[in-house]
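Participant: Give me coordinates for this.
(chains A and B)
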Amino acid sequence: MKGEGMPPPRVRFAPSPTGYLHVGGARTALFNWLYARHTGGTFVLRIEDTDRERSTDAHTKVILDGLGWLGIQWDEGPFFQGAYGPRHKADAERLVEGSAAYRCFCTREELDAQRREAERAGLTFRYDRRCQSLPPEEVERRRAAGVPSTIRFLVGDEEIAWDDAVHGRISFQGRDLDDFVILRSDDTAIYNLAVVSDDIAMAITHVIRGDDHISNTPKQIALYRALGHEIPVFAHVPMILGPDGKKLSKRHGATAVGDYQDQGILAPAMRNFLALLGWSPGGDREILAEEEMIALFTLEGIQKKAAVFDATKLEWMNGEYLSARPADELLPAVTRRLEQMGVDWGGRDLRPLIESVKTRSRTILHVAERVAVRLEPSRSTLDEKGEALIRKMGPAFATNLERAADALEPLRNGEWTAEQLLASLKDAAESHGLKLGDAMQPIRVALTGSTVSEPVNELLEVVGPDRSLARMREVAERVRGAGSAR
RNA sequence: GGGGGCGUGGUCUAGUGGUUAGGACGCCGGCCUUUCAAGCCGGAGAACGCGGGUUCGAUCCCCGCCGCCCCUACCA
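Facilitator: Numbering: from 1, shown residues only, chains lettered A, B, ... in the order given. Here you go, the predicted structure:
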């Protein structure tokens, strides 16, 4: 929002490829992307791979794939920060020439000792600037002698403040900041310099990032100024926490977007959920289409406080998307999963099966498992509720199951349809003086292992006469056997 | 220790100087099914972190406190 004519914003997402694409990073990327799309700006992707030890190509690929999966397209890049070493170094040296920074010959050991000393005395350690007063000749002499040195930025005493797009005005006192190192003794840049140098070079106008960077911001602002550049708009988005209120990390379980992809979460659901974690369009909206999110997105709508990642709500939302999606669209993901499970569906059209289970499923994994069970009921495993029912009904369980099988037997070669099945089941229940539920539930448990499914007659229809009948008789026999053996 | 940020039901959040503080997830119950769900309807659950002020009136404005989180590296 600076300058005349307000050129379209340029934003960037700058992950370090030192791990997987974290949901927090994914959300930061999403916010940048939404902002760019909302304003007609440009979204730049920059991989911050300057930490050579921890950065790997595999991680980079995972990040790119994760963004792609979420449908977050970047307009420029990916650029790799590692390629800009020379510029970083030149910027640092330029600052030394302008006396905004100075060479420091203190060794890590000396610094550590000073830090320990200060700590022991109960004081706040601050670099004492001893190298700043070194005469130029001395600096030259040491450099010529090959003494290693870093470059430190000279932080002034004045206040450094900015109007954060989500937090409002934030200010720091220069005297509370240390003269921080900007260039290592191996001539590579420290994070704060690298980001500022790159953001300037890439003409970034809005820096939208995690609020764990708030403390870095005054240093970066000082760098912008020293480098003779106008500062961008900063928008610090809140952290994402685990259920225990601690910053979300691996020990909370699934934290990489790939984990959710593997768990059968749909990309649009993930994106919708992430968008609403720390951002609100105002009002009561929950399910938002991509275009709506873009239209409604503003930096002002971003929450200040950290948000707890609620996987249960994510699954609920995924269930909403699942139910709304036609079986056709779910087919590829489901078949992929079925293949992983080693299920052979013999060329059968899976869509009716998907159709019958998707409403009651929350993830693609659930859908695939349930489809597999309907393909072959013997794959089912008895859950607690199923067990409870068998226990509760006692001998009636097997008896009713067999009676139902007998009653349905005639439909085997005729009308094995949902309507006909229901009619026959009702007749059978009536003639045996049973409540419909007592006739239905055993079938449900026999075929799925659980007491929850689509209506029983529909279940029977998708499973088909042969497998249904065989399974019902087999389970009846087994349950009776177990019962009498007791 | 120093500096900074944050604080509305368990969780995600809306919201305003005067509201029965709204919605969503989850939880509980009802309806519907002579069936479990799904769906629909309803309910419980928040003294809007605490204590002061300003004000006729504060969740919303000011101050203090407390709690949580972040930074405080030749990590990013």
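Participant: can you pull out the helices in the stretch 151-300 of chain A?
Facilitator: Assigned by DSSP state H, counting those that start in this stretch, the stretch 151-300 of chain A shows helices spanning A:191-201, A:217-226, A:257-262, A:267-275, A:290-296.
Participant: want to throw the ones you listed into CSV with mean neighbour count, distance to RNA strand B and mean pLDDT?
Facilitator: All C-beta atoms are positioned from the backbone trio N, CA, C, and that covers glycine. Shown next, in CSV, are those (neighbours: other Cβ atoms under 10 Å; distance: least, Cβ to the nearest atom of the strand, whole Å; pLDDT from 0 to 100):
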stretch, mean neighbour count, distance to RNA strand B, mean pLDDT
helix A:191-201, 22, 3, 96
helix A:217-226, 21, 8, 96
helix A:257-262, 20, 15, 92
helix A:267-275, 22, 8, 96
helix A:290-296, 15, 11, 95
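Participant: quick one: which of those helices is nearest residue A:346?
Facilitator: Taking Cβ to Cβ, helix A:257-262 is the member of the helices of the stretch 151-300 of chain A nearest to residue A:346, at 26.1 Å.
Participant: which outside residues touch the closest one?
Facilitator: A:20-23, A:26, A:62, A:65-66, A:69-70, A:253-254, A:267, A:270, A:314 (Cβ atoms under 8 Å, 6 or more residues apart in numbering).
Participant: neighbouring contacts of stretch A:434-443?
Facilitator: Applying Cβ under 8 Å, 6+ apart, the contact partners of stretch A:434-443 are A:389, A:393, A:396-398, A:400-401, A:403-404, A:425-426, A:428-429, A:432, A:451, A:456, A:459-460, A:468, A:472, A:476.
Participant: repeat that with 7 Å
Facilitator: The contact list for stretch A:434-443, computed with Cβ atoms under 7 Å, 6 or more residues apart in numbering, reads A:389, A:393, A:396-397, A:400-401, A:404, A:425-426, A:428-429, A:451, A:456, A:460, A:472.
Participant: Tell me the residues of the stretch 301-450 of chain A that contact RNA strand B?
Facilitator: By the rule Cβ under 7 Å from any atom of the strand, the part of the stretch 301-450 of chain A lying against RNA strand B is A:301, A:303-308, A:310, A:312-313, A:316, A:323, A:359-360, A:385, A:422, A:426, A:429-430, A:435-437, A:440-441, A:444.
Participant: show me what contacts residue A:364?
Facilitator: A:264, A:333, A:334, A:337.
Participant: where does it land on pLDDT?
Facilitator: Residue A:364 is assigned 96 on the pLDDT scale.
Participant: Setting aside sequence neighbours, what's the nearest residue to it?
Facilitator: residue A:264 (3.2 Å; Cβ to Cβ, 6 or more residues apart in numbering).
Participant: Could you report the neighbour count for the one you found?
Facilitator: Burial of residue A:264 is recorded as 21 neighbouring residues (other Cβ atoms under 10 Å).
Participant: hang on, the earlier thing: out of the helices of the stretch 151-300 of chain A, nearest to residue A:164?
Facilitator: Here helix A:217-226 is closest among the helices of the stretch 151-300 of chain A (Cβ to Cβ), at 8.1 Å.
Participant: what does that closest one rub up against?
Facilitator: Contacts for helix A:217-226 (Cβ under 7 Å, 6+ apart): A:95, A:100, A:153, A:155, A:160, A:162, A:172, A:177, A:180, A:192-193, A:195-196, A:231, A:234.
Participant: who wins for most neighbours among those residues?
Facilitator: residue A:196 (28 neighbours).
Participant: List the buried residues in stretch A:167-180.
Facilitator: By 16 or more other Cβ atoms under 10 Å, the buried positions in stretch A:167-180 come out as A:167, A:170, A:172, A:177, A:179, A:180.
Participant: Just the closest of the residues you listed to residue A:131, please.
Facilitator: Distances from residue A:131 to the buried residues of stretch A:167-180, taken by Cβ to Cβ, are shortest for residue A:179, at 9.2 Å.
Participant: Now, of the contacts of stretch A:434-443, which are buried?
Facilitator: Judged by 16+ other Cβ under 10 Å, buried ones among these: A:389, A:393, A:397, A:400-401, A:404, A:425, A:428-429, A:451, A:456, A:460, A:472.
Participant: which of those residues lies closest to residue A:240?
Facilitator: Here the nearest of these to residue A:240, counting by Cβ to Cβ, is residue A:451; it sits at 36.0 Å.
Participant: Distance of residue A:11 relative to residue A:236?
Facilitator: Look at residue A:11 and residue A:236: by Cβ to Cβ, to the nearest Å, they are 14 Å apart.
Participant: Please say which of those two ends up with more neighbours.
Facilitator: Taking other Cβ under 10 Å, residue A:11 and residue A:236 do not tie; residue A:11 has more neighbours (26 against 21).
Participant: In the beta-sheet assignment, what are the partners of the more buried one?
Facilitator: Beta-bridge partners for residue A:11, by DSSP bridges, are residue A:43, residue A:206.
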